[in-house]
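[1] Pasting the sequence and the predicted model now:
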Amino acid sequence: MATQSIKGSKTEQYILNSYLSETQAYARYIFYAQVADKESYFPVGVIFRETADNEMHHAKVFLKMLENTEMTASTSVDAGFLGTTTANLEVAIREESVGGYDYYMEAAKVAHSEGFDDIASHFEAIATCEKIHHDRFQKFLDMINNGTLWKREKPVTWKCLVCGYTEVGLVPPTKCPGCDHPYQHYIAIEDGYAPAPL
């Protein structure tokens, strides 16, 4: 990506820290998805998994920027915890803001100052992704807290996460007509559900 070497630059350290942070986020969100499934918040589990996939792709972008050498990291390890789904969403919201958007915008400024404009543009683009993740996690937390995860004031398209059956309405079917799974397996497509392409 860069035509000049990043070795020894501040940008290099930002890239390494970002790579490590994104791989941690991937693992954390997979664990959070498992908690959501156990609590029957299947839509939240799907969103955590989809976000985990995004974070793994971000990690690959950063890994490809690093030059082939061993480095010492200067970042902290996210010890985190596995709480309830609402607690996990709160952690994810904070991480996407402080450890994601804010950090990447700071990294972009450093990269620009060191003449790595292409790397800076990648930091800025990924910061935008993290802002989207933040906003979507906040939306799901709000819906859980106010009881609207499966109840709306205006009709939405509900999709069964098991068989793919869709139905428009204020609430999803109590039991899916296609596969008999309960309503907790439904997600509103309008909530930002965008399954990865095959």
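    That came through fine.
[2] Distance of the residue nearest to the spatial centre of the chain relative to Ala87?
    Centroid-nearest residue in the chain: Thr51, 3.0 Å away (criterion: C-alpha atoms, centre = their mean). Thr51 sits 17 Å away from Ala87, taking C-beta to C-beta, to the nearest Å as the criterion. C-betas here are computed from N, CA, C, even on glycine.
[3] Please enumerate the strands of this protein.
    Under the criterion DSSP state E, strands of the chain are mapped to 156-160, 166-169, 186-188.
[4] and the residue nearest to the centre of the chain, what does it touch?
    Contact analysis of Thr51 by C-beta atoms under 8 Å, 6 or more residues apart in numbering lists 25, 29, 92, 133, 136-137.
[5] what does Phe123 give?
    Counting by C-beta under 8 Å, 6+ apart, Phe123 touches 14, 18, 104-105, 107-108, 111.
[6] One more: Leu89?
    Going by C-beta under 8 Å, 6+ apart, Leu89 touches 32, 44, 137-138, 140-141, 144.
[7] Please apply the same query to Lys38.
    The contact partners of Lys38, taken as C-beta under 8 Å, 6+ apart, number zero.
[8] swap in His58?
    Neighbours of His58 in contact, by C-beta under 8 Å, 6+ apart: 18, 22, 126, 129.
[9] Helices along this structure, start to end?
    Shown for the chain, the helices assigned by DSSP state H span residues 10-38, 42-65, 85-94, 103-113, 117-146.
[10] Give the other helices and strands that the fourth one contacts.
    Under the contact criterion of 3 or more C-beta pairs under 8 Å, 6 or more residues apart in numbering; DSSP states H and E, helix 103-113 touches helix 10-38, helix 117-146.
[11] So for it, what gets flagged as buried?
    Across helix 103-113, burial judged by 16 or more other C-beta atoms under 10 Å covers 103-105, 107-108, 110-112.
[12] mind putting those residues in TSV, distance to Ala59 and pLDDT included?
    Output for the buried residues of helix 103-113, formatted as TSV (distance: C-beta to C-beta, whole Å; pLDDT from 0 to 100):
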residue	distance to Ala59	pLDDT
Tyr103	14	92
Tyr104	13	95
Met105	18	96
Ala107	14	96
Ala108	17	97
Val110	19	97
Ala111	17	97
His112	22	97
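[13] Brilliant, that's me finished.
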